[in-house]
Each structure stands twice: as C-alpha cells, then as structure tokens.
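Enquirer: Sequence first, then the predicted structure, then my questions.
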Amino acid sequence: MLGEIIPFIYVIIFLYGLCIGSFLNVCIYRIPLKESVAKSRSHCMSCGNQLKWYDLVPLFSYLFLRGKCRKCKAKISVQYPIVETLNGLGYVFIFWVNDINLTSILYSLCFSALIVLTVIDWRTFEIPFGINIFIFTLGVIETIADYHHIVNHLLGFISVSGFLYILVLATKGRAMGGGDVKLMAAAGLLMGVGNIILSLILGCIFGSVIHIARMRIQKKDHRLAFGPYLSAGIFIAMLFGNDLIQWYFSLFHLN
C-alpha cells in the first residue's frame, strides 16, 4: 500500500513545485523593477492584456497556447516553462534524496530562492537583499528544529561568510559583492559548516571553469556574477553534501 502512495506523493510535490515556479517568474521580472510581486495582476509583457486564470496554469498553459499570448500572439519567453519545470524537478530531487521531512521543505524553498537569485544576478550583477533575508529565515527555522547541532549551524553562518567578508575588505569590493557574502551566511546557517564550505569550493570550480570558457568563446570580460555559481554549489551540497564530504575524508582514512 505504501509503495503505491509514494509515487503519488512525488507527483504532488512536482505539481506544487510547478505552482511555486510560476510565482518565481513573477519575482524574477518584478523584483529588479522594484514592483510588487503580490498586488498587481499578471499580464502580457507585449500588449498588457491581463491574463485569465486558465492562462496561468504552470507549464500546461504555455504548451496549450504554443508559447504565444492568447490576445496579441506575441511569443512568451521560454524562461517561464523552464523555471517552472526546473523548480518542480528540483523539489522532487530534494525530497527523494533527503526524504519527506522539514529539512526537505526548507531546502526546497531555498532552491526556489536560488533560482530567482541566479536569474536576477546573471542579468543585473546584483543579489536582492530580500532573497538573502528569506534564506536566512529558513536557516533560523532549521537551526531551531535542529537545535542539538546548533554549533554546526552557527559555524556555518560565520565560517565562509567571514572569510569572504575579509576578502571583500582586502580587495575593496573588487573580488565580489556583499550580496555573495550575505548569501553564504544565510545558506551556511541553513546547511551547517561542512556543506557551506563544500558549496564555496564547488561554486569556485564552476565559476572558474564556466566563466573562462565564456570569456574565450563569447568574448566576455572578467566581470562575473558569482551568485549563480554559488547557488549551484549550494544545491549540490543540499543533495549530496554529506556523502561527498564522507567520501573525501575516506580518501585520507579520516572518516
């Protein structure tokens, strides 16, 4: 009986992720413009036509409308179904790896915040302060729930962020922005010291490899948005952090 219910639960998780993903698209568009994400109704970006509820069904409305506005037939950005689907799949992976519990819920919400952060930072080179506050709030909840390991969470809060803050001061802000420091503090409180250090290492690897490739292929300059790469490192750490850390220590017989 339980084996029959579990697939259904993951379908519900995926659909819930799709719905949250639809809201993430609103955040991605409106936050950089300093617009409210709750007050004004969704509308076509080309003709301004207010969308009906049946035009806002995550993923399925895009497919049914063939990626075009119902009224003016302007193309709808493929970003919308991509973000919705990515968020849904991310939720499924997080719950599948970490089981169905409070931590998985908090990690899923953090993943959603990282998607918004990644797209905005990639486009504007800025990490909205409100997103870091949201992740910090998730970290506070996880720390309270996991109070037996409060030291691990507090070390996660200060370890990487403290190092990055010193780096920012030493380079007078040329190395990275303050948003990256706040992101690692908030995520460190949520995940703990081991996983946030792993996130930084992975983020540096992703950033160096991918940005060097972009500089050579796309002729980009040295300036990079570090938030997306740190976000990728955080997501991998949320999924496989403990296993990767144990594997690394086993190489030196330290586990």
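Expert: Everything's here; your move.

Enquirer: List the buried residues of stretch 125-133.
Expert: For stretch 125-133, a neighbour-count test (16 or more other Cβ atoms under 10 Å) marks I127, P128, I131, N132 as buried. Placement of C-beta: from N, CA and C, glycine included.

Enquirer: Spatially, which two of these are the most separated?
Expert: Pairwise distances across the buried residues of stretch 125-133 peak at 7.6 Å for P128 and N132 (criterion: Cβ to Cβ).

Enquirer: okay, and the common contacts of these two?
Expert: Listed contacts common to P128 and N132 are G179; contacts here mean Cβ atoms under 8 Å, 6 or more residues apart in numbering.

Enquirer: what about the helices in this structure?
Expert: When assigned using DSSP state H, the helices of the chain occupy the ranges 2-30, 60-64, 79-98, 102-124, 129-145, 150-171, 178-191, 193-217, 227-251.

Enquirer: In the stretch 101-250 of the chain, where is pLDDT below threshold?
Expert: For the stretch 101-250 of the chain, applying pLDDT under 70 flags the ranges 219, 221.

Enquirer: What's the local residue count around S36?
Expert: S36: 10 surrounding residues under other Cβ atoms under 10 Å.

Enquirer: V26 too?
Expert: Residues contacting V26 under the criterion other Cβ under 10 Å number 18.

Enquirer: What of G194?
Expert: Residues near G194, counting by other Cβ under 10 Å, number 19.

Enquirer: ok, and what's touching stretch 207-216?
Expert: When contacts are defined by Cβ under 8 Å, 6+ apart, stretch 207-216 is touched by residues K220, D221, H222, L224, F226, Y229, L230.

Enquirer: can you list the domain ranges for the protein.
Expert: Segmentation of the chain into domains, based on automatic domain parsing, reads 1-100, 101-255.

Enquirer: just the CA coordinates of stretch 79-86, formatted as PDB?
Expert: In PDB, the C-alpha atoms belonging to stretch 79-86 read as follows (Å, rounded to 0.1, in the frame of the first residue of the first chain):
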ATOM      1  CA  GLN A  79      12.000  31.200 -19.400                       C
ATOM      2  CA  TYR A  80       8.600  30.600 -17.900                       C
ATOM      3  CA  PRO A  81       8.200  26.900 -18.600                       C
ATOM      4  CA  ILE A  82      11.900  26.300 -17.900                       C
ATOM      5  CA  VAL A  83      11.800  27.900 -14.500                       C
ATOM      6  CA  GLU A  84       8.500  26.100 -13.600                       C
ATOM      7  CA  THR A  85       9.800  22.700 -14.700                       C
ATOM      8  CA  LEU A  86      13.200  23.200 -13.100                       C
END
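
Enquirer: May I see the buried residues of it?
Expert: The neighbour-count criterion (16+ other Cβ under 10 Å) identifies Y80, P81, I82, V83, E84, T85, L86 as the buried residues of stretch 79-86.

Enquirer: got it, and stretch 204-224?
Expert: Those buried within stretch 204-224 under the rule 16+ other Cβ under 10 Å are F206, G207, H211, L224.

Enquirer: Ignoring the adjacent residues along the chain, who's closest to the last one?
Expert: Leaving aside its sequence neighbours, L224 sits nearest to H211 (Cβ to Cβ, 6 or more residues apart in numbering; 4.7 Å).

Enquirer: What is the burial count for R66?
Expert: Neighbouring residues of R66 were enumerated by other Cβ under 10 Å; the total is 9.
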